[in-house]
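*Asks:* sequence plus predicted model, see below.
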Amino acid sequence: QQQVKQSPQSLIVQKGGISIINCAYENTAFDYFPWYQQFPGKGPALLIAIRPDVSEKKEGRFTISFNKSAKQFSLHIMDSQPGDSATYFCAAFNQAGTALIFGKGTTLSVSS
Amino acid sequence: DTGVSQDPRHKITKRGQNVTFRCDPISEHNRLYWYRQTLGQGPEFLTYFQNEAQLEKSRLLSDRFSAERPKGSFSTLEIQRTEQGDSAMYLCASSLYLAGRETQYFGPGTRLLVL
């Protein structure tokens, strides 16, 4: 069964620190890997996404690193801020398929 | 606001009752998805439409669930004879699918509590 495994389940980072969330996937047919940010009571919001033809994508303080051979990808949040405190989901998608397959989420808490 | 909207945002119902949720996608988006999210989990796919055609249904979508997207615009998700296990956040997402590529944008969700 298609799966995306996400770790850690929860993360506490000091303000200004780097938050790192990791995901691993099994299905080599996946060709699109987005990260979503979700605040309590809200729907997931697209944060950043990457396709497997690049190894890294950076948007502001958010960077995705992608290792195709290891079937792993990670989200790095630089200079973490209290406002970044949320749940982060990695996901994988096969453009020839249909649904996003989500990880179980990482709850990030940035302490001030 | 031009994002995905969902109505109602919260619904409390008694076991056995029927409920219906509505999703209005981003204008011009041709794909519309329904997901279910339970506490501490990521969203799980239920079904999706391309225009008005329902193209796939998950095994999670029991025969008590039905979804429609008349005229390829808004969509409704109905749950008949609700059970306590149906309590969850129901999320709608839409996308513009072109040339094999899409990005899904989610609505705020409808939180269902079945008593």
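*Replies:* Right, received. Where do you want to start?
*Asks:* tell me the contacts of the residue lying closest to residue A:10 once chain neighbours are set aside?
*Replies:* In space, and not counting its chain neighbours, residue A:10 is closest to residue A:107: 4.6 Å by C-beta to C-beta, 6 or more residues apart in numbering or on different chains. Just so you know, the C-beta spots here come from the backbone N, C-alpha and C atoms, and that holds for glycine as well. Residues near residue A:107 by C-beta atoms under 8 Å, 6 or more residues apart in numbering or on different chains: A:9, A:10, A:11, A:86, A:87.
*Asks:* wait, residue A:42 touches residue B:109, no?
*Replies:* Yes. With contacts defined as C-beta atoms under 8 Å, residue A:42 counts as touching residue B:109 at a distance of 7.4 Å.
*Asks:* between the two, which one's more packed in?
*Replies:* Residue environment comparison for residue A:42 versus residue B:109 gives the larger neighbour count to residue B:109, 26 against 15, counting by other C-beta atoms under 10 Å in any protein chain shown.
*Asks:* tell me the spacing between the more buried one and chain A.
*Replies:* Counting by C-beta to the nearest C-beta, to the nearest Å, the separation of residue B:109 from chain A is 5 Å.
*Asks:* cool, residue B:24 as well?
*Replies:* In this view, residue B:24 and chain A are 13 Å apart by C-beta to the nearest C-beta.
*Asks:* got the phi/psi numbers for that residue?
*Replies:* Taking degrees, to the nearest 10, you get phi -110, psi 110 for the backbone angles of residue B:24.
*Asks:* now swap in residue B:86 and tell me
*Replies:* Listed backbone geometry of residue B:86 is phi -80, psi -10, with angles given as degrees, to the nearest 10.
*Asks:* over to residue A:62?
*Replies:* Given degrees, to the nearest 10, the pair of backbone angles that residue A:62 has is phi -110, psi 130.
*Asks:* do the same with the one 10 residues further on
*Replies:* The phi and psi values for residue A:72, taken as degrees, to the nearest 10, are phi -140, psi 150.
*Asks:* now it: closest residue in space that isn't a chain neighbour?
*Replies:* Among residues not flanking residue A:72 along the chain, residue A:24 sits closest, at 4.8 Å (C-beta to C-beta, 6+ apart).
*Asks:* residues from chain A in reach of chain B?
*Replies:* A:6, A:32, A:34, A:36, A:41-46, A:49, A:89, A:91, A:95-96, A:98-105 (C-beta under 8 Å from any C-beta of the partner chain).
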